[in-house]
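Undergrad: build me a model:
(one chain, ligands or ions: 2)
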Amino acid sequence: MLKAPDHQVAGHEAGLGKLGPLIDDSGRFYKPLQGDNRGSEEVAFYESFSSNTHIPEHIRKYFPMYYGTKIMKASTGVEHPHMVLQDLTSARVNPSVMDIKIGSRTWAPDASEAYIAKCLKKDRESTSIPLGFRLSGLQVYIDDESRFYKPDRNYIRKTGPDDVRLLLRKFVSSNPSADMEIGTGSGPGPDCSLASSVYGGPNGILAQLLELKAWFEDQTIYHFYACSFLFVYEKRLGLKGAWSNAEVKLIDFAHVTDANGVIDHNFLGGLCSLTKFISDILSEIEDCTGTNGQVEL
Ligand SMILES: O=P(O)(O)O[C@@H]1[C@@H](OP(=O)(O)O)[C@H](OP(=O)(O)O)[C@H](O)[C@H](OP(=O)(O)O)[C@H]1OP(=O)(O)O
Ligand SMILES: Nc1ncnc2c1ncn2[C@@H]1O[C@H](COP(=O)(O)OP(=O)(O)O)[C@@H](O)[C@H]1O
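TA: Ligands and ions are numbered 1, 2, ... in the order given. You can find the predicted model right below:
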């Protein structure tokens, strides 16, 4: 049965009369094609990416599986074309999820003046310009009783560099809460108790970002404007001996363009900046605990 995703943290949401993604119970995510060519551009990207023989296999795993398009009943109740994608959270029970839009510039060179003005405003008012990335949304699983810490969009939209640093710490903490927000709290800060197993280790988020960074330093096929990283992990308290289950994926390809033989410095800059924020968190906990990213979830 189709329904709105349980763990969507950003973007257009399905609602009464509103077009948004749907999921089914077979692990598929149906993203409706958006107007203004954005839907067809994203389909064109997935088609190109799927058939491009220059994409290394170890890089393909960072992208959702693409199963073509399908005309089906949308969240609005009317027939509409959708992209059929892998549902990146379907294998998780209580996923912690973070969407991070990469790049200090979020519009493609061929965008209209009006669209550029709209994006520029958001880029300037967010951390996109100063940091090269911004948080678009997140949820952090706490426990079965409290469920998720999920700050609302109005707060996320106003986050500055200090809030971003704090939210990246809360994402890997067992005690995230609203009263830790900058300027409001006096209690304990985020404990970062999951940082070493989620961000650190040989297959944690930092290692995955570095693998992608190596590709971005070389690839001159695409420029990924306004594309996001989706971080997903499952907090499995008490499970000893398991490797990190954290995954990094790239999503949202409505504004991808040809690279014309030039590296994607806009994306690469944001990726380096994000990598630095995450390594700083790992260095801090290493200084405090003497661990080196090997603590298990
Ligand atoms: O509609 P809005 O104002 O919520 O903006 C959408 C953005 O939400 P934001 O306000 O930045 O959190 C939204 O950002 P997120 O996916 O939430 O990061 C997209 O940028 C979306 O554009 P597109 O579908 O990628 O072309 C944006 O859609 P458009 O405004 O381009 O239609
Ligand atoms: N393949 C996917 N599987 C699971 N969740 C997804 C997937 N793609 C997107 N999402 C969820 O939907 C949100 C919005 O996705 P996105 O592609 O950015 O849409 P939009 O174009 O509306 O901004 C993401 O923040 C994430 O929570």
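
Undergrad: tell me the domain ranges of the protein?
TA: For the chain, automatic domain parsing gives the domain ranges 22-86, 95-289.

Undergrad: just say which of the ones you listed is most tucked in.
TA: Among the domains of the chain, domain 95-289 has the highest mean neighbour count (mean count of other C-beta atoms under 10 Å), at a mean of 18. Every residue, glycine included, has its C-beta placed from N, CA and C.

Undergrad: average pLDDT across that domain?
TA: The average of the pLDDT scores along domain 95-289 is 92.

Undergrad: sec struct for Ser173, please.
TA: Secondary structure, DSSP: H, G, I helix; E, B strand; the rest coil: Ser173 is coil.

Undergrad: and the stretch 101-250 of the chain, which residues reach ligand 2?
TA: Residues of the stretch 101-250 of the chain lying near ligand 2 by C-beta under 6 Å from any ligand atom: 137, 228, 230.

Undergrad: what's the closest of those residues to Gly261?
TA: Ser228 (25.0 Å; C-beta to C-beta).

Undergrad: residue contacts, the closest one?
TA: 10, 99-102, 136, 250-252 (C-beta atoms under 8 Å, 6 or more residues apart in numbering).

Undergrad: those in strands, which ones?
TA: 99-102, 136, 250-251 (DSSP state E).

Undergrad: closest to ligand 2 out of these?
TA: Ligand 2 lies nearest to Asp99 out of the ones in strands among the contacts of Ser228, by C-beta to the nearest ligand atom, at 3.6 Å.

Undergrad: that closest one contacts Ala226, correct?
TA: No: contact between Asp99 and Ala226 fails when scored by C-beta atoms under 8 Å: they sit 11.7 Å apart.

Undergrad: so what sits against both of these two?
TA: Common neighbours of Asp99 and Ala226 (C-beta under 8 Å, 6+ apart) do not exist.

Undergrad: check the ones in strands among the contacts of Ser228 and tell me the two furthest apart.
TA: Ser136 and Leu250, at 13.3 Å, using C-beta to C-beta across the ones in strands among the contacts of Ser228.

Undergrad: in contact with the residue of the chain found nearest ligand 2, which residues?
TA: Minimum separation of the chain from ligand 2 (C-beta to the nearest ligand atom) falls at Gly11, amounting to 2.5 Å. Residues in contact with Gly11 (C-beta under 8 Å, 6+ apart) are 20-21, 99, 136-137, 252.

Undergrad: could you measure it against ligand 1, distance?
TA: Relative to ligand 1, Gly11 is positioned 4 Å away (C-beta to the nearest ligand atom, to the nearest Å).

Undergrad: ditto for Ala207
TA: 25 Å.

Undergrad: with adjacent residues omitted, what lies nearest to that residue?
TA: Residue nearest to Ala207 in three dimensions, not counting chain neighbours: Gly201, with 6.9 Å by C-beta to C-beta, 6 or more residues apart in numbering.

Undergrad: so that neighbour: helix, strand or coil?
TA: coil.

Undergrad: does it touch Tyr233 like I think?
TA: No: checked against C-beta under 8 Å, the pair Gly201 and Tyr233 is beyond contact range at 11.7 Å.

Undergrad: now do the shared contacts for the two.
TA: With C-beta under 8 Å, 6+ apart, Gly201 and Tyr233 have common neighbours Ser244.

Undergrad: now the residue positioned nearest the centre of the chain: which helix or strand?
TA: For the chain, Leu230 is the residue whose C-alpha lies nearest the centre (C-alpha atoms, centre = their mean; 2.3 Å). With secondary structure defined by DSSP states H and E, Leu230 is part of strand 228-234.

Undergrad: distance check, Met65 against Leu85.
TA: 7 Å (C-beta to C-beta, to the nearest Å).

Undergrad: mind giving me the packing neighbours of the helix ranked longest in the chain?
TA: Scanning the chain for the helix with the most residues, using DSSP state H, yields helix 265-289. Secondary-structure packing of helix 265-289 (3 or more C-beta pairs under 8 Å, 6 or more residues apart in numbering; DSSP states H and E): strand 95-102, helix 128-131, strand 133-143, helix 161-170, helix 195-198, helix 205-216, strand 222-225.

Undergrad: dump the ones you listed into TSV; add distance to Asp258 as well.
TA: Below are the helices and strands packed on helix 265-289 laid out as TSV (distance: least, C-beta to C-beta, whole Å):
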stretch	distance to Asp258
strand 95-102	18
helix 128-131	22
strand 133-143	23
helix 161-170	31
helix 195-198	35
helix 205-216	16
strand 222-225	7
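
Undergrad: good, we can wrap up now.
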